[in-house]
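**Student:** Sequence and predicted model, in that order:
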Amino acid sequence: MKRFPPLLLLAGPGILFILVTLILPLAAIFMFSFWRTESYELYADWNLDNYRTLMREPAYLVFLLRSGLGALATSLICLIYAWPVAYFIARHGGRYRLLLVLLLAAPFFTGVILRIAALQGILGPGGLINMALGILGFQPIAALMYTQTAATIGHVYLFIPFMVTAIYLSLVNFNFDLLETAKVNGAGPLRAFIEVTWPLNWIGTAIGIVLVFIPCLASAVTPRFLGGPRATSFGMSLGQQFGETGTWALGSAMGVVLFLASLAVLALMGLTVNLKRSGFTGMGTR
Amino acid sequence: MAGADLKTASLSLQSVSRHFGPIRAVDGIDLDIGQDEFFSLLGPSGSGKTTLLRIIAGLERPSAGRVRVAGQDVTELPPYKRRIGMVFQNFLLFPHKTVAENIVFPLRMQNVARAARDERLRWAMKLLRLEGLAARYPNELSGGQQQRVSLARGLIARPAMLLLDEPLANLDRELRAEMEVEIRRYQKELNIPFVYVTHNQEEALTMSDRIAVMRGGVFEQVGPRDDVYRRPKTEFVATFVGQSNRLSGFVETVKNGAVAFAWQGHTLHVPHQGDIAAGDKAQFLIKYEDIEVAGAAGKGRSDHRSGNSLEGRLRDIIFKGQTANYIVSLANGAELIASASSRDHKVGIGEAVSLRWPETSGMCFRS
């Protein structure tokens, strides 16, 4: 009997999964983006009209820029907020470390819509913050009600667990003894952080940034609930092409643009990583 | 050139303690170390030697006591303001920096100008024979090279003193022997105090000018290496340093500082340490090499009145290279080990032998 190649058996399910869930849909989207939609029907006459529309109509550029800036702001806020949290858990969490990390994931036990609705209840006109301000005789904060700021707050809330987890996983593999070495050799706490902690945890941090930035760039639900009419995101517009307006081909072109933008961000982050200087292989003795 | 601009430095510890809850890791240590001393803290694991070293470095705060370096009280100073070099057991090189970047790190932290930095780097690389490795990363180096980089980093900023925490423990035997000699050479060349922590008595004996034997957070004995080896103050020191035979017996008489020690029907004349009186139970410890093995033929030659002599039979010879251990079974069933050059086997296995040692050898302690 001929033996079935065991390697193929092992790799098979994974390859199949990637093929079905990633490659095929991407290929389809890519193909559709060069087609044409008319009255909710796709026609396979190859053209570049969808891309021309995206470049000519300023609205799409505005949506993309808005989403990009929103994702950038969200990533930065998450970064600044998550580092101390992750550091605290990794350094001082002791035997509660795992529990503390799991607590961060607790919001995932409910759905996205529910969590966004809850945020709406806090930030909105009749929400917790503005109602409390009203009772105390203050003006409500307009910036929290259906604005880009509110959407960004929502994004930070939704994506911060990814950032904390990525940085935490990096820090638990970090040899904190190196900080003592830095201090004995004349580095104050800040200098030791800049010279040792930050560069040796940059890969984990970069992964965190990517994990926050990319879904945030494509986000549609959060800005719809929290952002109001002036915060239409690229993702929202994309969703509309496949929904209300039924312009699948244009939507596909938007999907391709989004995919390329994500790849660009990934490549950009990849450029900042110097494997030799990441300490990735150099931890040797611990 | 090196000695001229190094500031006169010495270390002074005044009743330094470190308690972790009920555990007294370091318990009231007083110590002065001179400018040109190679000083070792020798002790088993958990004896507090590493904690003491970390207190000197500033990585650990003492619960009580003062630490002075070069006359300055540094007890309250963080490690980065103490100008002390330190070398760690697991090297702890920065994995994301090259050899050169690792070595100049302390100078960069002191904002030394680039030209001066480069000059010092060349000096350190030459001293530690690291030429040609400047652009390598730590994971591209052998263990010995990593340890030398670590030493270079510890020495480049002309520290007031260098602390070494079991720096050779992770190296193989051959390399260790070589580094022992090298490290002592650096200390003598640079003329700054080295404080060396180890649990390895050979290392301590090879390198040190003075040794402190530590146990349970206190010093059992502090003194020149010969003293610690030849004249142990406590039974623990006698056991821990060198290889010794242990004889349990009791004291018959004490006369003029000499003890007549009764052991299994024999009376031995031995020196003693500390309070001891006739009738006390006691331990006599004598190093292997202090006992001489002679063929039974030589019996007549020996002078029984000065020195001790026991008769037995040579059971085995354990070859150690330069030396050999002669295991001798006595008539009473006990076994004693004598160590001597492995070259002149005067007696063969199974032959009758006599064991001899002068009255001044070994040390007796009340148990």
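**Tutor:** That came through fine. Residues are numbered from 1 along each chain as shown, chains lettered A, B, ... in the order given.

**Student:** Report how many residues lie close to residue A:29.
**Tutor:** Applying other Cβ atoms under 10 Å in any protein chain shown, we find 18 residues neighbouring residue A:29. (C-beta placed from N, C-alpha, C; glycine too.)

**Student:** separation between it and residue A:161?
**Tutor:** 29 Å (Cβ to Cβ, to the nearest Å).

**Student:** Could you do residue B:44 as well?
**Tutor:** 47 Å.

**Student:** which one of these two has more residues nearby?
**Tutor:** Set residue B:44 next to residue A:161 and count neighbours by other Cβ under 10 Å: residue A:161 wins out with 22 against 13.

**Student:** Any residues of the stretch 101-250 of chain A in contact with chain B? List them.
**Tutor:** Within the stretch 101-250 of chain A, the positions adjacent to chain B are A:175, A:177-178, A:180-188, A:191, A:195-196, A:199-200 by Cβ under 8 Å from any Cβ of the partner chain.

**Student:** partners of the helix or strand where residue B:213 lies in the sheet?
**Tutor:** Under the criterion DSSP states H and E, the helix or strand holding residue B:213 is strand B:210-215. Next to strand B:210-215 in the sheet, as set by DSSP bridges, lie strand B:38-42 (parallel), strand B:218-224 (antiparallel).

**Student:** among the ones you listed, which is the most enclosed?
**Tutor:** Highest mean neighbour count of those: strand B:38-42, a mean of 26 (counted as mean count of other Cβ atoms under 10 Å in any protein chain shown).

**Student:** CA-only coordinates of the helix or strand just after that strand in PDB, if you can.
**Tutor:** Where DSSP H and E defines the elements, the next helix or strand beyond strand B:38-42 is helix B:49-57. Provided in PDB are the C-alpha atoms of helix B:49-57 (Å, rounded to 0.1, in the frame of the first residue of the first chain):
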ATOM      1  CA  LYS B  49      26.600  36.300  49.500                       C
ATOM      2  CA  THR B  50      24.700  37.400  46.400                       C
ATOM      3  CA  THR B  51      22.300  39.600  48.400                       C
ATOM      4  CA  LEU B  52      25.400  41.300  50.000                       C
ATOM      5  CA  LEU B  53      26.800  41.900  46.500                       C
ATOM      6  CA  ARG B  54      23.500  43.300  45.400                       C
ATOM      7  CA  ILE B  55      23.500  45.700  48.400                       C
ATOM      8  CA  ILE B  56      26.900  46.900  47.400                       C
ATOM      9  CA  ALA B  57      25.700  47.500  43.800                       C
END
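
**Student:** Following element in sequence after helix B:49-57, please.
**Tutor:** Downstream of helix B:49-57, the first helix or strand assigned by DSSP H and E is strand B:64-69.

**Student:** In that next one, which of the residues would be classed as buried?
**Tutor:** B:65, B:67, B:69 (16 or more other Cβ atoms under 10 Å in any protein chain shown).

**Student:** Now the strands paired with strand B:210-215 in JSON lines, please, with extra columns for mean pLDDT.
**Tutor:** Formatted as JSON lines, the strands paired with strand B:210-215 follow (pLDDT from 0 to 100):
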{"stretch": "strand B:38-42", "mean pLDDT": "96"}
{"stretch": "strand B:218-224", "mean pLDDT": "95"}
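
**Student:** Switch these over to CSV; also include distance to residue A:233.
**Tutor:** Shown next, in CSV, are the strands paired with strand B:210-215 (distance: least, Cβ to Cβ, whole Å):
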stretch, distance to residue A:233
strand B:38-42, 65
strand B:218-224, 69
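
**Student:** May I ask which helix or strand encompasses the residue of chain B found nearest chain A?
**Tutor:** Proximity of chain B to chain A (Cβ to the nearest Cβ) peaks at residue B:95, 2.7 Å away. Under DSSP H and E, no helix or strand contains residue B:95.

**Student:** now residue A:269: how far from residue B:223?
**Tutor:** For residue A:269, the distance to residue B:223 - Cβ to Cβ - is 60 Å.

**Student:** Strands of the stretch 201-350 of chain B, residue ranges please.
**Tutor:** B:210-215, B:218-224, B:244-255, B:258-263, B:266-271, B:281-287, B:292-295, B:308-319, B:323-330, B:335-341 (DSSP state E, counting those that start in this stretch).

**Student:** can you tell me which of these the model trusts least?
**Tutor:** Note on those: strand B:292-295 shows the lowest mean pLDDT, a mean of 86.

**Student:** Packing partners of that one?
**Tutor:** Judged by 3 or more Cβ pairs under 8 Å, 6 or more residues apart in numbering or on different chains; DSSP states H and E, the packing partners of strand B:292-295 are strand B:335-341, strand B:352-357.

**Student:** Highest mean neighbour count across these, which stretch is it?
**Tutor:** Highest mean neighbour count among these (mean count of other Cβ under 10 Å): strand B:352-357, with a mean of 20.

**Student:** Extract the C-alpha trace of it and format it as PDB.
**Tutor:** Below are the C-alpha coordinates for strand B:352-357, written out as PDB (Å, rounded to 0.1, in the frame of the first residue of the first chain):
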ATOM      1  CA  ALA B 352      50.100  -2.300  55.100                       C
ATOM      2  CA  VAL B 353      50.800   1.500  55.500                       C
ATOM      3  CA  SER B 354      51.100   4.100  58.200                       C
ATOM      4  CA  LEU B 355      49.500   7.500  58.100                       C
ATOM      5  CA  ARG B 356      51.300  10.400  59.700                       C
ATOM      6  CA  TRP B 357      50.800  14.000  60.300                       C
END
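
**Student:** Show me the shaky parts of the stretch 1-150 of chain A.
**Tutor:** A:1-5 (pLDDT under 70).

**Student:** can you pull out the helices in it?
**Tutor:** Counting by DSSP state H, counting those that start in this stretch, the segments of the stretch 1-150 of chain A that form helices are A:6-18, A:24-32, A:49-56, A:58-92, A:97-105, A:112-123, A:128-135, A:148-172.

**Student:** Tell me what angle the last one forms with helix A:112-123.
**Tutor:** So that's helix A:148-172. On the basis of axes from the mean of the first three to the mean of the last three Cα atoms, to 10 degrees, helix A:148-172 is oriented at 120 degrees to helix A:112-123.

**Student:** Could you list every helix and strand in contact with helix A:148-172?
**Tutor:** Helix A:148-172 sits against helix A:58-92, helix A:97-105, helix A:112-123, helix A:202-217, helix A:221-222, with contacts defined as 3+ Cβ pairs under 8 Å, 6+ apart.

**Student:** Tell me which of the helices and strands packed on strand B:292-295 sits nearest to residue A:50.
**Tutor:** strand B:335-341 (91.3 Å; Cβ to Cβ).

**Student:** Now tell me what touches the closest one from outside.
**Tutor:** Residues outside strand B:335-341 that contact it (Cβ atoms under 8 Å, 6 or more residues apart in numbering or on different chains) are B:243, B:245, B:287-289, B:291-293, B:310, B:312, B:315, B:320, B:322-330, B:355.

**Student:** so what strands line up beside it?
**Tutor:** By DSSP bridges, strand B:335-341 pairs with strand B:323-330 (antiparallel).

**Student:** quick one: the partner strand to strand B:352-357, angle?
**Tutor:** Interaxial angle, strand B:323-330 versus strand B:352-357 (the same axes, to 10 degrees): 110 degrees.

**Student:** what's strand B:323-330 in contact with?
**Tutor:** B:264, B:288-289, B:293, B:310-318, B:335-342, B:345, B:353, B:355.
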